[in-house]
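1. just the structure for this:
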Amino acid sequence: MQLSLLDIYNQMGNFAKGIVFVLALMSIWSLSIAIKKWWDLRQAQGETRKFAPEFSQFLEEDNLAEAVTRSRTSRVCWVAL
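-> As a prediction, the model looks like this:
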């Protein structure tokens, strides 16, 4: 006797089907959060790659005022939030 997932689901009671439904929703929700965090991390990495060379150049030139201005206008800190 072979049982597929559909056969098992059809044999469940309403309470068990409700639990499966809630677990499926929670799985979809957690997957969407993981994808969102991955996407935000990719954006932050891209912004950091743009920001880091400019900022380090200002520090090497002892141009602290411009480094502070660049860090305040940068999106690096805000993307990760």
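
2. what is the least confident helix or strand in this protein?
-> helix 76-79 (a mean of 53; mean pLDDT, DSSP states H and E).

3. touching, Ser71 and Glu54? I think so.
-> No: counting by Cβ atoms under 8 Å, Glu54 is not a contact partner of Ser71; they are 9.9 Å apart. Placement of C-beta: from N, CA and C, glycine included.

4. can you give the distance from the helix or strand hosting Gln43 to the centre of its chain?
-> Using DSSP states H and E, Gln43 sits within helix 14-60. Computed by Cα atoms, centre = their mean, to the nearest Å, the chain-centroid distance of helix 14-60 equals 0 Å.

5. quick one: list the elements packing against that helix.
-> Where contact means 3 or more Cβ pairs under 8 Å, 6 or more residues apart in numbering; DSSP states H and E, helix 14-60 is packed against helix 64-73, helix 76-79.

6. just send these back as JSON lines, with mean neighbour count and distance to Ile8 too.
-> Listed next are the helices and strands packed on helix 14-60 as JSON lines, based on neighbours: other Cβ atoms under 10 Å; distance: least, Cβ to Cβ, whole Å:
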{"stretch": "helix 64-73", "mean neighbour count": "12", "distance to Ile8": "57"}
{"stretch": "helix 76-79", "mean neighbour count": "14", "distance to Ile8": "44"}
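
7. those: which one's closest to Tyr9?
-> Nearest to Tyr9 among the helices and strands packed on helix 14-60 is helix 76-79; the distance by Cβ to Cβ comes to 41.9 Å.

8. who's in contact with the residue minimising distance to the centre of the chain?
-> Among the residues of the chain, the one closest to the centroid is Lys37, at 0.5 Å (Cα atoms, centre = their mean). Taking Cβ atoms under 8 Å, 6 or more residues apart in numbering, we find Lys37 in contact with no residue.
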